[in-house]
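Trainee: the following block contains a protein sequence and its predicted model.
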Amino acid sequence: MQGQFMTADQVAHAAYLGIQSGDPIIIPGTMNRFLTWLPRVMPRTALARIIAGAQEPV
């Protein structure tokens, strides 16, 4: 999956705005927000397989 990465300045700006507005949790970027929501609806077996694959030595 290819996408556009946020720069450090963009992330810092989003964090600053979130802190100023009183948000307790700040997740900048649409894809990041989607990825935090995905495990809630994904079957646990599929999620476990993905996590196991990510933790394998390279």
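Mentor: That came in fine, so what should we check first?

Trainee: how close does residue 38 sit to residue 50?
Mentor: Distance of residue 38 to residue 50, computed by Cβ to Cβ, to the nearest Å: 10 Å. In this view, the C-beta of every residue, glycine as well, is placed from N, C-alpha and C.

Trainee: avg pLDDT for the longest helix seen in the chain?
Mentor: Counting residues, the longest helix found in the chain (DSSP state H) is helix 8-21. Averaging pLDDT along helix 8-21 gives 94.

Trainee: so how far is that helix off the chain centroid?
Mentor: Chain-centre distance of helix 8-21: 15 Å, with Cα atoms, centre = their mean, to the nearest Å.

Trainee: got the contact list for it?
Mentor: 6, 26, 28-29 (Cβ atoms under 8 Å, 6 or more residues apart in numbering).

Trainee: buried stuff in it?
Mentor: By neighbour count on 16 or more other Cβ atoms under 10 Å, the buried set for helix 8-21 is residue 14.

Trainee: now the helix or strand following it, how far from the chain's geometric center?
Mentor: Moving toward the C-terminus from helix 8-21, the next helix or strand (DSSP states H and E) is helix 30-41. From the chain centre to the centre of helix 30-41 is a distance of 7 Å (Cα atoms, centre = their mean).
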